[in-house]
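Visitor: no sequence on this one, just coordinates:
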């Protein structure tokens, strides 16, 4: 039982363990972020990731590697809701989309980096290299401030102003003062309430609408191919093209395209509105699925030559382009914008839990679908589900580009901010500050 694990044994550590612990970590993130702050949550993630990789590095049995995997899954689950929320709260509306888009880019680069290192080094040396990444994150967290949104939720208005100005300067005081005023009004509303009415909270549209929206947005990210291409890339390539194709070379090409297009998405997200990006990339993704179905069907019927690999090659690249430009980066962007401050930690965790569930279902059912209905039937099922998600998103997703988080939150509550009111808020931010009880004391 205590013998050193062989390379073969390491390969058979259940991947499903990571998904289960990821789900648990997502739910643990909410109380940590809400009660102790975003910075403490960041510390928790870095330390747990550090312990996970250290356990793997020092492992002398498969059981120890499994423990390291469990700790790593908890760390990643904790990180999922925090990353979008923290970036959304830190950044200015004009740059928020670009910063949130870097989540998918860095994740793609991380996967590419680990695969590259893992192909060159042993698993133990790979763990040693990966150990330095959470250590760097831990050191960086020492020098980062607490989120201004969390500070205002705790009534620490002076600290909130200091951090907000440190992050963004003095040019966006209108958003700062509007956020403080909204929180003070909220405190007045609940001051006379003796207990939290959970049913009333769930019935609030600013609570349930963003969650329903994000469940469908995240589902699109998985159904578009983001999950199955990563897990079954060579299988899909061979089924769409032909069994004799160099699937490894095509996989590397698609991985490289993902990094390039993810980088491009950082700039594109600032040029187009969020809804435009969502529906254009979504329609393109559905169209690529249908086109792949049509090609494979015609190939199987002998109408098209199986040797014409350039046709399915173009179709797969179109699918992967739609995934990389919109389907994968947009969920992180939207998740960092739509949740109201009061329920941001809880709603973010619930939505992220749906990611683990959807990913598990997609990855588990893909082999069975292919065996029973073929790649054509599988892609048709995905195209139908993607179309359904697009219709739901059409009715629930507001335009968030260029808006402050407070404006987005007010929009879900049904509060419309006119241009005159926005100018009035700007004058408040420029000429004065809302006085809190903390300031008076």
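Guide: Cool, got the structure. This structure is a prediction, so every number in the text was calculated from the model and none was measured.

Visitor: shaky segments in the stretch 251-400 of the chain?
Guide: Across the stretch 251-400 of the chain, the ranges flagged by pLDDT under 70 are 306.

Visitor: Helices of that one, residue ranges please.
Guide: Along the stretch 251-400 of the chain, counting by DSSP state H, counting those that start in this stretch, helices occupy 274-300, 310-322, 329-335, 344-396.

Visitor: The stretch 101-250 of the chain too?
Guide: Using DSSP H, counting those that start in this stretch, helices in the stretch 101-250 of the chain cover 123-142, 148-153, 157-168, 173-190, 198-202, 205-221, 228-240, 247-268.

Visitor: Deepest-packed of the helices of the stretch 251-400 of the chain, please.
Guide: For the helices of the stretch 251-400 of the chain, the largest average neighbour count (mean count of other C-beta atoms under 10 Å) is found in helix 329-335, namely a mean of 27. For glycine as for every other residue, the C-beta is placed from the backbone atoms N, C-alpha and C.

Visitor: what's that helix in contact with?
Guide: 81, 83-85, 88, 96-97, 100-101, 103-105, 213-214, 217-218, 220-221, 262, 265, 269, 274, 277-278, 281, 348, 351-352, 397, 400 (C-beta atoms under 8 Å, 6 or more residues apart in numbering).

Visitor: same check, this time on stretch 131-146
Guide: Against stretch 131-146 from outside (C-beta under 8 Å, 6+ apart): 37-39, 42-43, 45-47, 49-50, 53-54, 57, 75, 159, 163, 166-167.

Visitor: ok, for residue 59, nearest residue in space, not its chain neighbours?
Guide: Nearest non-adjacent residue to residue 59, counting by C-beta to C-beta, 6 or more residues apart in numbering: residue 65, 4.6 Å away.

Visitor: helices or strands up against the strand or helix carrying that neighbour?
Guide: For residue 65, the host element (DSSP states H and E) is helix 62-90. Contact here means 3 or more C-beta pairs under 8 Å, 6 or more residues apart in numbering; DSSP states H and E; on that basis helix 62-90 packs against helix 7-11, helix 16-31, helix 38-57, helix 93-120, helix 148-153, helix 329-335, helix 344-396.

Visitor: So for it, what gets flagged as buried?
Guide: 62, 64-90 (16 or more other C-beta atoms under 10 Å).

Visitor: Centre of the chain to that helix, how far?
Guide: Chain-centre distance of helix 62-90: 12 Å, with C-alpha atoms, centre = their mean, to the nearest Å.

Visitor: show me what contacts the nearest residue to residue 183 once chain neighbours are set aside?
Guide: Using C-beta to C-beta, 6+ apart and skipping residues adjacent in sequence, the residue nearest residue 183 is residue 152, 5.0 Å away. Residue 152 makes contacts with 160, 179-180, 183, 341, as judged by C-beta under 8 Å, 6+ apart.

Visitor: Need the helices of the stretch 251-400 of the chain in TSV (columns: distance to residue 143).
Guide: Formatted as TSV, those follow (distance: least, C-beta to C-beta, whole Å):
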stretch	distance to residue 143
helix 274-300	31
helix 310-322	37
helix 329-335	24
helix 344-396	23
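
Visitor: Please name whichever of these is nearest to residue 254.
Guide: Closest to residue 254 of the helices of the stretch 251-400 of the chain is helix 310-322 (C-beta to C-beta; 5.1 Å).

Visitor: Contacts for the closest one next, please.
Guide: Contacts of helix 310-322 (C-beta under 8 Å, 6+ apart): 224-225, 229, 236-237, 240-241, 250, 254, 257-258, 261, 281-282, 284-285, 287-289, 291-292, 295-296, 304.

Visitor: next one: stretch 364-375
Guide: 228, 231-232, 235-236, 239-240, 292, 296, 377-378, 380-381.

Visitor: so can I have JSON lines of these showing distance to residue 124?
Guide: Formatted as JSON lines, the contacts of stretch 364-375 follow (distance: C-beta to C-beta, whole Å):
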{"residue": "228", "distance to residue 124": "30"}
{"residue": "231", "distance to residue 124": "24"}
{"residue": "232", "distance to residue 124": "28"}
{"residue": "235", "distance to residue 124": "29"}
{"residue": "236", "distance to residue 124": "32"}
{"residue": "239", "distance to residue 124": "35"}
{"residue": "240", "distance to residue 124": "37"}
{"residue": "292", "distance to residue 124": "40"}
{"residue": "296", "distance to residue 124": "42"}
{"residue": "377", "distance to residue 124": "43"}
{"residue": "378", "distance to residue 124": "38"}
{"residue": "380", "distance to residue 124": "44"}
{"residue": "381", "distance to residue 124": "41"}
